[in-house]
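Asker: Next one to model:
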Amino acid sequence: MESTWGTGHLDSAGQFRRKLSSYYFLPRPNEMIYHHLPENEKWQLLRTPIKMAQYLQMPKLRPPYFDLQMELISPRNQAHVDLLPGKSYALVLVQTPSDIDLIANLRLKGHE
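Answerer: Coordinates of the predicted model:
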């Protein structure tokens, strides 16, 4: 349980914005690990804890991803994707429920 995270967030200007998110009141360990790595690995609450190097290679999936029941099809276990050879885009496959429209952006070397 991480109830303080469920009360809101900092906006881009660093101001706290109160917004209740029930996700953090009983998060699943196998979901939480995609966006939070506890210093003490026993608090990962996973059958097989992961190391920092593995965490850094994982995609950064946030609570709305899990709330909306999306599934990353490809690439599954990496934080970055490469542009397709000779193209200005990469291929990322995400399965969503039929009532979800998904829009994404691409950051190239820190630029959107």
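
Asker: Which stretches in this structure count as helices?
Answerer: If DSSP state H is used as the criterion, the helices of the chain fall at 29-32, 52-57, 63-67.

Asker: So which of the ones you listed is nearest residue 7?
Answerer: helix 63-67 (13.5 Å; Cβ to Cβ). Placement of C-beta: from N, CA and C, glycine included.

Asker: Now do the closest one: distance to the chain's middle.
Answerer: 8 Å (Cα atoms, centre = their mean, to the nearest Å).

Asker: in that helix, what's buried?
Answerer: Residues of helix 63-67 classed as buried by neighbour count (16 or more other Cβ atoms under 10 Å): 63, 65-66.

Asker: same check, this time on stretch 88-103
Answerer: By 16+ other Cβ under 10 Å, stretch 88-103 has no buried positions at all.

Asker: any weak-confidence spans in the chain?
Answerer: Applying pLDDT under 70 to the chain flags residues 1-3, 109-112.

Asker: tell me the centre residue of it?
Answerer: Note on the chain: the residue nearest the mean C-alpha position is residue 61, at 1.3 Å, using Cα atoms, centre = their mean.

Asker: returning to that earlier point: and residue 42, which of the helices of the chain is closest to it?
Answerer: helix 29-32 (11.2 Å).

Asker: As CSV, the helices of the chain with distance to residue 12 would be great.
Answerer: As requested, the helices of the chain are exported to CSV (distance: least, Cβ to Cβ, whole Å):
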stretch, distance to residue 12
helix 29-32, 24
helix 52-57, 24
helix 63-67, 17
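
Asker: With residue 99 as the reference, name the closest of the ones you listed.
Answerer: Distance to residue 99, taken as Cβ to Cβ, is lowest for helix 63-67 among the helices of the chain, at 13.3 Å.
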